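Participant: no FASTA, just this:
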């Protein structure tokens, strides 16, 4: 037997894996062997750390040294220098984008400093395929406590008291939801975990499933106990193969250890879990569509009532929560609702994981206390806007959410503030946009998404979003008409009021919020035939500046002979003939052609 | 697994395996500069790890450090117990390792004849 | 039953606690427009036309699926409601061909009526993309024009939930959502029975019967042709609806008069050949029963049913009676017996039939139904098409004097007329079988045991010393369940009647629309009335039947009868 003095944690999340972390792990094993350190150093593949922008990530304990963008070629040096000689490999450390300072330790990086990692605490810290590591950090204690010391009512009460709200969309109080399913007296109840994460750019659920699958299983088992269910499903999209693999491993381990199965902790409580792979339709994130899909039917929502808590899967009372919600539950049981409430705002307790994407320096996953401001998330954690550009808007809440402008940056991030600002928490996707982003085009992008993902069942969503999309498209193409803004507003209001399911009802949100905060951009497109962000191709004009030397190269490059002039004097573009292809700009040797 | 106690017992057992990632507890720091390695730091390292393994001291962390300028006193071994000053031992030979671990690491008795320095700042 | 009281537009309504707001409103005489809702089908709340304001609801709700509750306050006629509904219709019209005036469904189209009712005068989305599909018209029975489809889902629901055939389902997403068959193949390539129930419930012209009226007009105007027509039992109780009369009107005499005015040389009655069917099928049953034949024997007059069996239960084909359907028997007899008797060359006869059924169009072109040496039945039109012809000809139907069918193929009994409703073939067969076997008059003609509208009914009937166990089944879904039982050897019946459509031919896929159970019941009552008021109510007592056996056919199941009146079945290998 040997004393293992160092652990090399290599991120095995999807992001790092696609960046090549698999080969990094192999190299570590080979190099450690070569140096004769196999007996004293252990290599562990973990889940995602959230700092995916800088993957593959390697953390070496006991020092907690954080290496970024490690390639297999770097490994020999890390082993030789760090593991053998105890010297940090400076060049592979994370450098803060603004100060350029090298930060050796994980906890000192700005990206992590303002985070409060509760749900993601184990992601990147334990081996997700080893139940022992989960148990070692206190795993399954919440379940044990619930089953052996609490009644089902007490569990529901504890969750109610914690103030936990659904992390998947509308933020419905979780304890209340459980009490509904519990109240529906039936011989059979179901628990479903909604892992059909579908918002563009959002991947927190995937990360939790990949990095800490047992936490979700534990949360589901606690919920099952609370509502009197003995069977559950995890509905996870087939595009998440790694998450599915790790879930399968986790379920098998939990069954073997007796955390799933019959007579859990010697009680009468039985719980079986199944994985259902979805085909990745966005609409299957909607509860009733999700259940239809599990039942083997086309994923289409149905009207409510009856609510799933009364008649859900196969007509039985069913409680559905998403991955992040379930991942919060073990903490509440283990540490108590009072501890849980120490973080967050009055009506939004705990933390929320956000997926930072877009024109932001530190893209990745960040878990923050509720009530933190958008500014802190974007500037402190996210490291600000890329290339020193100006912030324009942040889209929050996915395709059902809204775009918030600079003036809303100090808004505390919680369910209710976001709704009142015209956005929503959604699953926590944050897309940051800079001054080069056209807000009409953004609205068009999101509407295109909801339109293509509409299940097609109800008229307002199927036909209405299509017509709105057509109007937005023509505006971005310079063909907007007087009255289009009013037409969009009229339709948006009515679609919200008349669509069948939550997806249709929220589909107009990106249009409404951009109209609310960026109406002038719509007006510029329609009335001045101009895109203020210079992003809309068909509206982008090219002009020749005084830097022109009169060489005539642009005129030769122009495919439609829109450029004319005399040699050695400034050339001119005929805007009527110009097809805005940009060939002149590429051809000009003197950078004398400007867009706009 | 029948109760919370069973689970906690299992946790205790398993916890030590990932203790390395906690960054707490007693630390043994071995000088691994070129000078240290030349003076036999690897042998010291092996001896430390062996002794820790024999005594099942899973909560003791072993770290390395580079040359601190006292090359003639290599191999240097530091012991830091939580809340206590950092003690540096010099000219450590493999035979000293058992003593350092038994007396200092476990029982907190500084082995004065090997000490070459003390640092009050327990932080490293 | 528990009741609740709610308020709709200020009116207090007390209703069953399981009702929807829509049902409660209709009860109170409040009209709420609907498109996807159909009283026979599962309500989906998909079209969003029946939106109303309900107290406590954040958004407008679909009244067809919204449950009533005590104290609920509903408003169906506010600006918010009306303008939302109007947008829904506007959106549907924006993606719908604007050829209403020349559409086959014009004046019967629910979308057209609702657009008119709601005062939609402008479509703000003209010029936008519209769906583009090719028309599926390569089968003999139905035409599907998906460009007219508004995705209400009724066809899917009727085909799956009522008929158990699952021919249609939604496919695609967003704007490209469509109702698709398997791999978007034509109906003739897939396992479709042509029952036409989808056409019956389609609110627009997206699924309609194949219109064969032009062929009939062409034949009628061809002076070299002798055009005869037969009318199926159930047409006489439904045609009136096409021409403005209330459901349940019996219009036999006016129909005969109208057909003569249209120019048919002879107007005959399928009731005659229904009686003929009973003679053959009844004797076939007695033979199977007494000679260890394949049992249960199953009726074969419903062509949608026969298609389904050939497609999905080819192993059970030996159970089907070999007796042709009344339409097919009629066709065979017209071009042989009648041609001889009237001295007309069969090649100059055009045999038209008026049927409640779209599958009959496909039956007529079956290659094996040419026992006269020609295609036995040339053209099949549905009740709806006959209605259109009568309107096109400018005949004032209501003012017509009633006329009689022509002889020799114009006489039918009460037993024949009830062929048009579920249980009718069984009852007609029993009336003959019992008397033939026992050689005694039935003390009571009606077999109440087989009557009713439950989708499966069973009874044990004494036929002399024999106890005959029978079952009566309607809708293809119930038929499939029954066939699964037969296949599993769990059905110890001797004789089963199956009709493909709900209620039998009175609910056929070619009958007037709209249709629902209230209307079907009225048609059924009218048929039973026709039977009761008949002097002759047993097929074997039909004098024309007695004559044709004497003059032409010989014995039931005899050589001539076998050649002209019996057929065989072939498995249809479809996906």
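Facilitator: Right, received. Where do you want to start? Predicted model, so just to flag it, every value in this text is computed and none were measured.
Participant: Residue C:318 against residue C:294, yeah?
Facilitator: Yes. Between residue C:318 and residue C:294 there is a contact at 4.6 Å, judged by CB atoms under 8 Å. For the C-beta atoms, the positions are set from N, CA and C on the backbone; glycine is no exception.
Participant: Pull the contacting residues for residue C:162.
Facilitator: C:40, C:41, C:197, C:475, C:477, C:502 (CB atoms under 8 Å, 6 or more residues apart in numbering or on different chains).
Participant: got the residues of the stretch 51-200 of chain A near chain B?
Facilitator: Residues of the stretch 51-200 of chain A found near chain B (CB under 8 Å from any CB of the partner chain) are A:61-64, A:84-87, A:125-126, A:132-133, A:135-138, A:140-141, A:144-145, A:148-149.
Participant: Please flag which of those residues sit within helices.
Facilitator: Counted as lying in helices by DSSP state H, out of these, are A:132, A:133, A:135, A:136, A:141, A:144, A:145, A:148, A:149.
Participant: May I ask which two of those residues are separated the most?
Facilitator: Farthest pair in those (CB to CB) is A:133 and A:149. Separation: 24.9 Å.
Participant: neighbour count winner among these two?
Facilitator: For residue A:133 versus residue A:149, neighbours defined as other CB atoms under 10 Å in any protein chain shown are more numerous around residue A:133 (23 against 11).
Participant: how close does the closest residue to that one other than its chain neighbours sit to chain C?
Facilitator: Nearest non-adjacent residue to residue A:133, counting by CB to CB, 6 or more residues apart in numbering or on different chains: residue A:126, 3.9 Å away. Separation of residue A:126 from chain C (CB to the nearest CB, to the nearest Å): 39 Å.
Participant: Surely residue A:126 and residue A:137 touch.
Facilitator: Yes. Here residue A:126 lies in contact with residue A:137, judged by CB under 8 Å, at a distance of 6.4 Å.
Participant: Find residues that contact each of the two.
Facilitator: In contact with both residue A:126 and residue A:137: residue B:18, using CB under 8 Å, 6+ apart.
Participant: For chain A, what's its nearest residue on chain B.
Facilitator: residue B:64 (2.4 Å; CB to the nearest CB).
Participant: Contacts only, for that residue.
Facilitator: Residue B:64 makes contact with A:84, A:85, A:86, B:29, B:30, B:31, B:32, B:45, according to CB under 8 Å, 6+ apart.
Participant: Contacts only, for the second one.
Facilitator: In other words, residue A:85. Residue A:85 neighbours (CB under 8 Å, 6+ apart): B:32, B:33, B:37, B:64, B:66.
Participant: again, but for residue A:489
Facilitator: Contacts of residue A:489 (CB under 8 Å, 6+ apart): A:512, A:515.
Participant: Can you report how many residues neighbour residue A:213?
Facilitator: Residue A:213: 29 surrounding residues under other CB under 10 Å.
Participant: shaky segments in the chain?
Facilitator: Just going to use chain A. Low-confidence segments of chain A, defined by pLDDT under 70, are located at A:1, A:596.
Participant: Sorry, I should have been clearer: chain B.
Facilitator: Using pLDDT under 70, chain B drops low at B:23, B:120-124.
Participant: what pairs with residue C:472 across the strands?
Facilitator: Going by DSSP bridges, residue C:472 is paired in beta bridges with residue C:457, residue C:497.
Participant: do you know how far it is from residue C:524?
Facilitator: 13 Å (CB to CB, to the nearest Å).
Participant: now residue A:370
Facilitator: Distance, residue A:370 to residue C:524, using CB to CB: 65 Å.
Participant: The two: who's more crowded?
Facilitator: Between residue A:370 and residue C:524, counting by other CB under 10 Å, residue C:524 is the more crowded of the two (26 against 23).
Participant: Contact partners for that one?
Facilitator: Residue C:524 is in contact with C:421, C:453, C:503, C:504, C:506, counting by CB under 8 Å, 6+ apart.
Participant: mind running it again at 6 Å?
Facilitator: Taking CB atoms under 6 Å, 6 or more residues apart in numbering or on different chains, we find residue C:524 in contact with C:421, C:506.
Participant: can you check the one 3 residues further on too?
Facilitator: Contacts of residue C:527 were listed using CB under 6 Å, 6+ apart, and they are C:237, C:417, C:418, C:420, C:421.
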